[in-house]
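1. Turn this into a model:
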Amino acid sequence: MTSSPVRPDGHPLRALCESLLSRLDELSDTVTDDIRRELPSYAALPLAEQRATVHSRLHALLRGLALDVEPTAGQLLEFQTESRRRAYYGLPVQDALATFHIGARRLWDELRAAARGTAAEDTAIELVAPLWMWVQAASGVVADAFADEAGSRYGREAGLRQRFLELLRTGGTPREHTAEIARELGFDPDGDFRALCTPAAPWAAEGHLGLLQRAARQLAGRVSCGLSGQLMVAITQRVDPADLATRVISLSGDDARVGVGLDRSGLAGAEMSIADAERALAVASQGGRATSFEDVWLQASLVDSRERLHPLFAEDRQPGASYTPLLLTAHRRNSRALTSSPSWKRGIPTARAVGVPASMPTARQENSLEVLHQLHRPRRPARPP
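-> Purely as a prediction, here's the structure:
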């Protein structure tokens, strides 16, 4: 391969590459779809921008293969500029490098298919070495671009993530200031947020939180991790909480406990979701799995509430009482249903009476009623010595 054209018009390999150039729009769309399917992090990049980039790269690569020329300095600078954009969007460098391999793999499959039955069928293998050379040249400038960008952005982004968490936790800051930081971190301030919490100890050592942040970049959506007191808090948007919880547990140990908040709207919702996750974590009884506030909302909501709620239930803390007045009334109203209906129906009228939504799954209704019953069961008087 040289820097000047060596293949004349009509050369079988040149004709083969140019046949793919004639279907470049279709091919670039296919490669773009391959990349987004194999690399979820690319969902953060605008689709139209990615399609244009892939189209430009494939055009340069196919022209280079057709003419048997190396990448020009201008083309390499263009790759480098595009890579800085990827770094700006927070895409992992390994994913940016992988796009060249995904594109080259698809291109080689297309070249082999197009060569069948043509004069290039037996010589298409000669394109492998120059194709790999283009991938290597592009990978080098991509790595350099990410290294330069990371040095200037990493420290600033870590500070922004910590500041964002502090503003959400403390409140009282003008919304626009918090919204500006959210936008810089790639969040939509008016979108839905969900928080995850886990004990801070495994993440306090230098560099550990950065490992999780890098792992989270492989997920679709946005994640911002930070430390707050005894907690590590991850603020997410458009992220599957199960996927993130799996990475948290993988990095911090099989006995890790993770609390997951509700999906809530806007920055105020993000603050509430942190509180959800913190309360879910407080009642989590098992390590190695995530505990969602959605599943334990009643227990989680009553954390630290015994003293505050004591006056409401004082009168039935005597021998013979088994339910709070509210629950007892509900049982009396539904005595017929309680004795004649199937077990799964028995819980529903009682659930309605105490404000548990009837639309809630039956198992969760029964769990909620059982928690109320256990929480307010009267204590037996101590036996005299």
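2. measure the residue sitting nearest the centre point of the chain to residue 105 for me?
-> For the chain, the residue nearest the mean C-alpha position is residue 239 (3.1 Å; C-alpha atoms, centre = their mean). Separation of residue 239 from residue 105 (C-beta to C-beta, to the nearest Å): 28 Å. Glycine gets a C-beta too; all of them are placed from N, C-alpha and C.
3. go on, residue 235?
-> Look at residue 235 and residue 105: by C-beta to C-beta, they are 36 Å apart.
4. Of the two, give the one with the bigger neighbour count.
-> Neighbours were counted for residue 235 and for residue 105 using other C-beta atoms under 10 Å; residue 235 has more, 28 against 14.
5. low-confidence ranges in the stretch 51-200 of the chain?
-> 149-155, 172-173 (pLDDT under 70).
6. show me where it has helices.
-> All helices of the stretch 51-200 of the chain, identified by DSSP state H, counting those that start in this stretch, fall at 73-88, 93-115, 128-170, 175-184.
7. Of those helices, which is nearest residue 267?
-> Closest approach to residue 267 among the helices of the stretch 51-200 of the chain (C-beta to C-beta): helix 175-184, 5.5 Å.
8. ok and the closest one relative to helix 128-170, angle-wise?
-> If you take axes from the mean of the first three to the mean of the last three C-alpha atoms, to 10 degrees, helix 175-184 sits at 160 degrees to helix 128-170.
9. name the helices or strands packed onto helix 175-184?
-> The contact analysis (3 or more C-beta pairs under 8 Å, 6 or more residues apart in numbering; DSSP states H and E) places helix 175-184 against helix 128-170, helix 266-283.
10. Can you list the buried residues in that helix?
-> Neighbour counts over helix 175-184 (16 or more other C-beta atoms under 10 Å) mark 178, 179, 181, 182 as buried.
11. just checking, the third one touches residue 163?
-> Yes. The pair residue 181 and residue 163 qualifies as a contact (C-beta atoms under 8 Å) at a distance of 6.1 Å.
12. how about the nearest residue to residue 255, chain neighbours excluded?
-> Closest residue in space to residue 255, ignoring its immediate chain neighbours: residue 287 at 3.5 Å, by C-beta to C-beta, 6 or more residues apart in numbering.
13. what sits against that neighbour?
-> By C-beta atoms under 8 Å, 6 or more residues apart in numbering, the contact set of residue 287 is 253, 254, 255, 256, 257.
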